[in-house]
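In: got a structure for you, letters missing:
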């Protein structure tokens with residue numbers, strides 16, 4: 001899927017690359033990314049980031065917004081791809097963001113938003129943070145549960161098919 005002039009459009013498997021997040025968290029972050037990607041071009045540009053920060057009640061200056069993008073903009077295109085958006089949360093979790101930086105504010109505010117806790121104060125934020133850390137180790141368990149569910153569904157389908165064939169053979173005699 002490599003169009004000319006769009007090197008950042010390579011296939012991203014966020015579940016494989018960002019193992020510290022659960023599949024649910026990544027889906028929530030993707031929904032948030034898409035919600036603020038007003039141009040629906042797969043990127044959050046400067047104006048979309050400005051609107052996002054204003055919606056999260058943490059407005060930034062023009063220079064502050066540019067610095068936020070620059071901190072995770074690996075392909076230097078001046079906008080955030082979904083992968084670069086996820087990097088914000090990875091850096092926040094690893095303690096690599098300055099406490100007073102715009103990106104840290106975004107990570108904090110949107111973590112509360114993403115986990116659908118709403119803004120209920122610091123107590124809720126820290127509860128959501130503890131829950132997010134606990135969910136990180138659930139990634140493999142989620143995949144195993146999905147695989148087990150698919151196996152079970154296949155087995156039930158096979159049993160139904162066998163029962164139908166048995167019933168069908170009774171009518172053929």
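Out: Okay, I see it. Please read all numbers here as calculations on a predicted model, not as lab measurements. Numbers count the residues shown, from 1 in each chain.
In: Counting neighbours, what do you get for residue 37?
Out: If you count neighbours by other C-beta atoms under 10 Å, residue 37 ends up with 19. For the C-beta atoms, the positions are set from N, CA and C on the backbone; glycine is no exception.
In: what's the neighbour count on residue 105?
Out: Residues near residue 105, counting by other C-beta under 10 Å: 21.
In: which non-adjacent residue is nearest the one residue sitting closest to the centre of the chain?
Out: In the chain, the C-alpha closest to the average C-alpha coordinate belongs to residue 26, at a distance of 2.3 Å (C-alpha atoms, centre = their mean). Using C-beta to C-beta, 6 or more residues apart in numbering and skipping the chain neighbours, the partner closest in space to residue 26 is residue 14 (4.9 Å).
In: thought the one you found was touching residue 84?
Out: No: if you go by C-beta atoms under 8 Å, residue 14 and residue 84 don't touch, sitting 11.6 Å apart.
In: how many neighbours does the closest residue in space to residue 44 that isn't next to it in sequence have?
Out: Spatially, and ignoring its direct neighbours in sequence, residue 44 is nearest to residue 80 (4.3 Å; C-beta to C-beta, 6+ apart). Neighbour count of residue 80, defined by other C-beta under 10 Å: 28.
In: for residue 80, what are its contacts?
Out: Counting by C-beta atoms under 8 Å, 6 or more residues apart in numbering, residue 80 touches 43-45, 49, 69, 72-73.
In: Among those residues, which one has the most neighbours?
Out: Each of the contacts of residue 80 was scored for neighbours by other C-beta under 10 Å, and residue 44 scores highest at 24 neighbours.
In: Next, work out how far apart that residue and residue 62 are.
Out: 15 Å (C-beta to C-beta, to the nearest Å).
In: Which strand or helix spans residue 28?
Out: Applying DSSP states H and E as the criterion places residue 28 in helix 23-36.
In: one step back: could you pull up the residues touching the residue nearest to the centre of the chain?
Out: Contacts for residue 26 (C-beta under 8 Å, 6+ apart) come out as 14-15, 18, 86.
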